[in-house]
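J.: Just need the structure, nothing else, for what follows:
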Amino acid sequence: MHKDYLYRSNEKFAAQVRVLYDTAKKRAFDWGIGDAELAEWEPELLAFEAAFALSENPATRTVVSIKARQSARDALEPKLRRFVQGRLVRNVLVSAADLFSMELPVKDAVASPLPDPSTCPEYKADSGTIRRLILYFRDKGSQRRGKPYGVQGVEIRWAIRDEPPADTEDLMRSEFATRSPHVFEFRESERGKTVYFCMRWQNRRGAKGPFGEIMSAFVP
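T.: The predicted structure follows:
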């Protein structure tokens with residue numbers, strides 16, 4: 001690994017930052033990264049790539065285009081470094097192999113303790129397909145689709161009941177989902193019945209957060 005994890009060569013830097021962005025965007029949900037966090041530096045990335053292309057083309061390579069490329073890089077680097085340090089290098093959900101693939105510094109072998117989940121999910125059910133419920137979930141009050149920091153997935157408690165449950169303990173069935181949405185399949189004989197469900201976050205140590213509210217939906 002070079003001393004500074006960002007290459008000095010503009011050609012290598014352009015390739016590195018594109019791989020970094022594409023990888024982070026693809027793995028955003030797994031790593032608890034929201035769309036807004038990537039959007040914070042996407043305009044600067046696109047501006048740099050456009051300026052870099054002009055400066056590399058013999059037909060448009062001028063003193064002006066080279067200066068524009070440097071200005072674009074100067075605007076991109078601070079935002080990129082904040083994102084790398086805040087959302088990748090210190091993120092316990094990003095493995096050493098992940099960091100290595102993006103040519104980033106590998107974190108210490110001893111990871112920081114995972115925090116216990118302190119928030120609960122919010123969710124909605126899509127019943128547009130017969131015998132199927134599709135549950136979408138995200139952190140309550142959040143505008144981003146990623147899971148909270150350190151969270152592996154959600155525990156879903158559910159049951160088909162004639163009467164509303166008095167407590168989460170009345171929801172006898174349980175499933176675990178790491179991605180949103182999560183799909184439930186039902187039998188034909190269960191159509192028209194009421195499913196009650198609730199969710200709570202769980203981290204990789206198995207620590208669980210508080211349950212969200214109990215909700216219901218009809219089996220279509």
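J.: CA only for contacts and neighbour counts going forward, please
T.: OK.
J.: quick one: the strands in the chain?
T.: Along the chain, the segments classed as strands by DSSP state E run 121-126, 132-139, 151-160, 173-177, 182-185, 194-203, 215-218.
J.: gap between the last one and the chain center?
T.: Which is strand 215-218. Offset of strand 215-218 from its chain centre (CA atoms, centre = their mean, to the nearest Å): 27 Å.
J.: Same question for the first one.
T.: Distance of strand 121-126 from the chain centroid (CA atoms, centre = their mean) equals 17 Å.
J.: Could you chop the chain up by domain?
T.: Using automatic domain parsing, the domains assigned to the chain come out as 10-101, 121-218.
J.: The helix ranked longest in the chain packs against which elements?
T.: In the chain, taking DSSP state H as the definition, the longest helix is helix 63-83. Using 3 or more CA pairs under 8 Å, 6 or more residues apart in numbering; DSSP states H and E as the contact test, the elements touching helix 63-83 are helix 42-56.
J.: wait, what's in contact with the residue lying closest to I156 once chain neighbours are set aside?
T.: Once flanking residues are discounted, I156 sits nearest to M199: 4.6 Å by CA to CA, 6 or more residues apart in numbering. M199 is in contact with 120-121, 154-157, 211-213, counting by CA atoms under 8 Å, 6 or more residues apart in numbering.
J.: go on, A14?
T.: 49, 52.
J.: what sits up against the lowest-mean-pLDDT helix or strand in the chain?
T.: Scoring the helices and strands of the chain by mean pLDDT, DSSP states H and E places helix 96-101 at the bottom, with a mean of 84. For helix 96-101, the external contacting residues (CA under 8 Å, 6+ apart) are 88-89, 105-107.
J.: Which ones among the residues you listed lie within helices?
T.: Residues of these located in helices (DSSP H): none.
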